[in-house]
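Visitor: My questions concern the predicted model and sequence given below.
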Amino acid sequence: MAGAWPNPEFFLIKDISLTLKDGSKLDVDRSLVTRAMQYSSTSGFPELIKWVKDLQEKVHKPPTLEITDENKQLDIIITNGSQDGICKTLEACVSAGDNVLIEVPTYAGTLAILNPLKPKILPVESDKDGIIPGSIRRHLSKWNPEDSQNPKSSIPKILHCVPNGGNPTGSQLTWERKKAIYKLCQDYDIIIMEDDPYFYLQFSKPYVPSFLSMDVDGRVMRFDTFTKVMSSGMRIGCLSGPRALVNKIIQHQQVSAVHSSGLSQVALFTILQEMGHTGFLQHCDKVADFYKRQRDACLAAANKHLSGLAEWVEPSGGMFVWLKLPQIKDTYKLIWEKAREKEVLFVPGNAFMIDSSVPCQYLRSAYSLVSAEDMDKAFERLSAIIKEELKQ
Ligand SMILES: Cc1ncc(COP(=O)(O)O)c(C=O)c1O
């Protein structure tokens, strides 16, 4: 008499059968289908959580799996893509006026979450090797490590970064820098938000070890997603972090989405179970190989058409090239007016900057969807647009 669950008698789906692109067919276990039709656990289907936890153990060997303090032990929640976990974590940890350390340029989605929260963003500079520890150190020099123990202190509590295939920069945070950054975060007791959707799209092996793999303190909130390698529409990601913090996110999930779609979870789990961890990692390798070839085609087109007009750094992973147009003061009008007229589109760099009203010489080009021929045409058009602009 207590439960407010609807009567499943009237739920129409009984069986789900999946046909994969290689022609193979997978039936979702009927008991999973039945459970997927009803409300289920807020943190996710236990079978999927276990599969993901075993993957995290295999790939990252998180020290927090062994830690004795229960609050710091590794816990996992299945989220609606990684964006959902990032949003809930920032909402949980950031109040108006708080200082937060954010990689710049950064993923526009993070800025869109942060801006209404009205924090003071401390921009952490980055280069081809990711965020620069010295830049974090400079920001932190205003405080003493002991300030982190004073709840009234304005010391930053959060660092957000995209360590692989940076969106928009394509850069990769090196292991050396990660170690220095982790140490700084230990000294000043800062939580690291490791927003890593392109982890499996690294172009060289072995993978650079993650912050999660060095987390002896339970200070890393790691955001993974199946978006880039399985399906973006299924909206399945996972947040791995210390239990005390993950529990807060679970509470938020309970009062917001309740849980990620059961249908997506069981469909994904059925495929992952069939693949096993090894099959999943092999699939990721195939995806990374594809993007690497796309990157090469994109850079070949850039070399052909944009030499002398643009500067860029070879992306180490992911799906973006970050181009600087040194002779153009601001790419915004160039793209939204001139490029659009010529039927080619990029994202103006200001979308990834903390103050988007400041003129920006950069633009982001994605190579995920476009053929080599079209990339060639696109950069040919961009080159013509830049040259026209320079004549004026
Ligand atoms: C850096 C970064 N984080 C998070 C996301 C969100 O991904 P999803 O919510 O689809 O997992 C994206 C998507 O483009 C991204 O580039």
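Guide: Everything's here; your move.
Visitor: Quick check: phi and psi on Thr174?
Guide: phi -80, psi 160 (degrees, to the nearest 10).
Visitor: Sorry, wrong one. I was asking about Thr79.
Guide: phi -120, psi 170.
Visitor: what's the burial count for it?
Guide: Thr79 is flanked by 28 other residues according to other C-beta atoms under 10 Å. For glycine as for every other residue, the C-beta is placed from the backbone atoms N, C-alpha and C.
Visitor: for Trp5, same thing?
Guide: Residues near Trp5, counting by other C-beta under 10 Å: 8.
Visitor: which residue sits closest to it in space, ignoring its chain neighbours?
Guide: Spatially, and ignoring its direct neighbours in sequence, Trp5 is nearest to Tyr39 (5.7 Å; C-beta to C-beta, 6 or more residues apart in numbering).
Visitor: who's in contact with the one you found?
Guide: Contact partners of Tyr39, counting by C-beta atoms under 8 Å, 6 or more residues apart in numbering, are 5, 258-259.
Visitor: Contacts only, for the residue in the stretch 51-200 of the chain that the ligand sits nearest to.
Guide: The ligand sits closest to Gly81 of the stretch 51-200 of the chain, with a gap of 2.6 Å, by C-beta to the nearest ligand atom. If a contact means C-beta under 8 Å, 6+ apart, then Gly81 has 225, 227, 232, 235-237 as its contacts.
Visitor: go again using 6 Å as the cut-off
Guide: Applying C-beta atoms under 6 Å, 6 or more residues apart in numbering to Gly81 gives the contacts 225, 227, 235, 237.
Visitor: Who wins on neighbours among those residues?
Guide: Neighbour max across these (other C-beta under 10 Å) = Thr225, 28 neighbours.
Visitor: List phi and psi for that one.
Guide: Dihedral angles for Thr225 - degrees, to the nearest 10 - are phi -150, psi 150.
Visitor: Contact partners for it?
Guide: Going by C-beta under 6 Å, 6+ apart, the list of residues near Thr225 reads 81-82, 197, 237.
Visitor: gap between it and the ligand?
Guide: 3 Å (C-beta to the nearest ligand atom, to the nearest Å).
Visitor: Quickly list what that residue is bridged to.
Guide: Counting by DSSP bridges, Thr225 is bridged to Gly237.
Visitor: For the stretch 1-150 of the chain, what lies in contact range of the ligand?
Guide: 81-83, 107, 109 (C-beta under 6 Å from any ligand atom).
Visitor: From those residues, list the buried ones, please.
Guide: Listed as buried from these are 81-83, 107; burial here means 16 or more other C-beta atoms under 10 Å.
Visitor: Which of the residues you listed fall within helices?
Guide: If you go by DSSP state H, those have 81-83 in helices.
Visitor: could those go into TSV alongside pLDDT?
Guide: As requested, these are exported to TSV (pLDDT from 0 to 100):
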residue	pLDDT
Gly81	97
Ser82	97
Gln83	97
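Visitor: Show me where the stretch 101-250 of the chain has its strands.
Guide: Using DSSP state E, counting those that start in this stretch, the strands found in the stretch 101-250 of the chain span residues 120-124, 126-127, 130-131, 158-161, 191-195, 220-225, 237-242.
Visitor: And stretch 304-320, how far out from the chain middle?
Guide: In terms of C-alpha atoms, centre = their mean, to the nearest Å, the centre of stretch 304-320 is set 21 Å apart from its chain centre.
Visitor: buried stuff in that stretch?
Guide: Buried residues in stretch 304-320 (16+ other C-beta under 10 Å): 305-306, 309-310, 312, 315-320.
Visitor: Pick out the most distant pair among these.
Guide: Largest separation among those by C-beta to C-beta: Leu309 and Gly317, giving 25.3 Å.
Visitor: for Ile77, helix, strand, or coil?
Guide: Under DSSP: H, G, I helix; E, B strand; the rest coil, Ile77 falls in the strand class.
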